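1. Below are the sequence and a predicted model; questions follow.
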Amino acid sequence: MSANPSAWYHLPIIPGLEDKARILFFHVPTAWLSTVGFIASMVYGIRYLRKRDPEDDIKSASAAGVGFLFCILATVTGAIWAKFSWGTYWNWDPRQTSIFVLLLIYGAYFALRSAIDVEEKRATLSAAYAIIAAVVMPFFMFVMPRILASLHPQPVLNVQGKTEMNATMLVLLISSFAGFTGLASWMWNLEVRIQRIVMNSLSGLKGETRV
């Protein structure tokens, strides 16, 4: 039996996704990295409360910013898929509603930071908020969409480890994860460096004012 020469690049037809399954290469990694960013923000928030190191506050806020950006990208890519599948960008499906609430939660986080001028107080309240937000985040990301009826397709990789993706699709998805992860890491490091420069500049200005 001769092998099909085009089989190596063939993408399977996944029920509920069909040809639109290509959105997985963008939507899934961005959704995952938003979760990673929010968890990283919580970790550095805990470190700040323990050590009171301003560096940890910078890393926590930067991680929350990256997570928030990727959460927006996950919302946008999901809305694009919804337009082609359901005929409208937004219909308050449980998954759309849960990610919208998550955007509000972290939008309030940045509003909190911008409303407080005292650095130590801002860092302390932000760290506490980041911890609370990350604790409730799994409910909106993973629990709520599964306990309510949803039009959203089931994950192509389920809890039993079974998948409807072939080897080509898995390689593409893993490559997409790696690429987006590298991009998110670079963005986080860049933001940390920028905020570090800003903090040092402000410290220098304060020192000159005292003299």
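-> Arrived safely, thanks for sending.

2. only C-alpha atoms for contact and neighbour calcs from this point on.
-> Will do.

3. Disregarding residues adjacent in the polypeptide, which is nearest to residue 173?
-> Nearest residue to residue 173 in three dimensions, chain neighbours excluded: residue 25, at 5.4 Å (C-alpha to C-alpha, 6 or more residues apart in numbering).

4. element containing that neighbour, please.
-> In the assignment (DSSP states H and E), residue 25 maps to helix 24-51.

5. so where is the chain shaky, pLDDT-wise?
-> 1-21, 149-166, 204-211 (pLDDT under 70).

6. which residues in the chain form strands?
-> Assigned by DSSP state E, the strands in the chain number zero.

7. related to what we said a few turns ago, list the contacts for the residue nearest to residue 173?
-> 172-173, 176-177 (C-alpha atoms under 8 Å, 6 or more residues apart in numbering).

8. and those, which of them are in helices?
-> Counting by DSSP state H, the contacts of residue 25 place 172-173, 176-177 in helices.

9. from these, which is closest to residue 103?
-> Lowest distance from residue 103 to those (C-alpha to C-alpha) belongs to residue 177, with 21.8 Å.

10. Double-check the closest one against residue 24; I have them as touching.
-> No: with contact defined as C-alpha atoms under 8 Å, residue 177 does not count as touching residue 24 (10.4 Å).

11. Check the burial of residue 178 by counting its neighbours.
-> By the measure other C-alpha atoms under 10 Å, the count of residues near residue 178 is 13.

12. just residue 197 next, same as before
-> Other residues lying near residue 197 total 12 when counted by other C-alpha under 10 Å.

13. ditto for the one 4 residues further on
-> By other C-alpha under 10 Å, the residues close to residue 201 number 12.

14. now do residue 78
-> With other C-alpha under 10 Å as criterion, residue 78 counts 22.

15. Distance check, it against residue 183.
-> From residue 78 across to residue 183, the span is 20 Å (C-alpha to C-alpha, to the nearest Å).

16. Next: residue 39.
-> When distance is defined by C-alpha to C-alpha, residue 39 is 17 Å away from residue 183.

17. out of the two, which sits in the busier spot?
-> Under the criterion of other C-alpha under 10 Å, the comparison of residue 39 against residue 183 puts residue 39 first, with 23 against 12.

18. so what's the residue lying closest to the more buried one once chain neighbours are set aside up against?
-> Excluding the flanking residues, the one nearest residue 39 by C-alpha to C-alpha, 6+ apart is residue 134, at 5.9 Å. By C-alpha under 8 Å, 6+ apart, residue 134 lies in contact with 38-39, 42.

19. Spatially central residue for this structure, please.
-> The chain has residue 34 as the residue nearest its centroid, 0.8 Å off, counting by C-alpha atoms, centre = their mean.

20. wait, that residue sits on residue 75?
-> No: using C-alpha under 8 Å, residue 34 is not in contact with residue 75; the gap is 10.6 Å.

21. okay, and the common contacts of these two?
-> Residues touching both residue 34 and residue 75 (C-alpha under 8 Å, 6+ apart): none.

22. of the contacts of residue 25, closest to residue 98?
-> residue 177 (22.6 Å).
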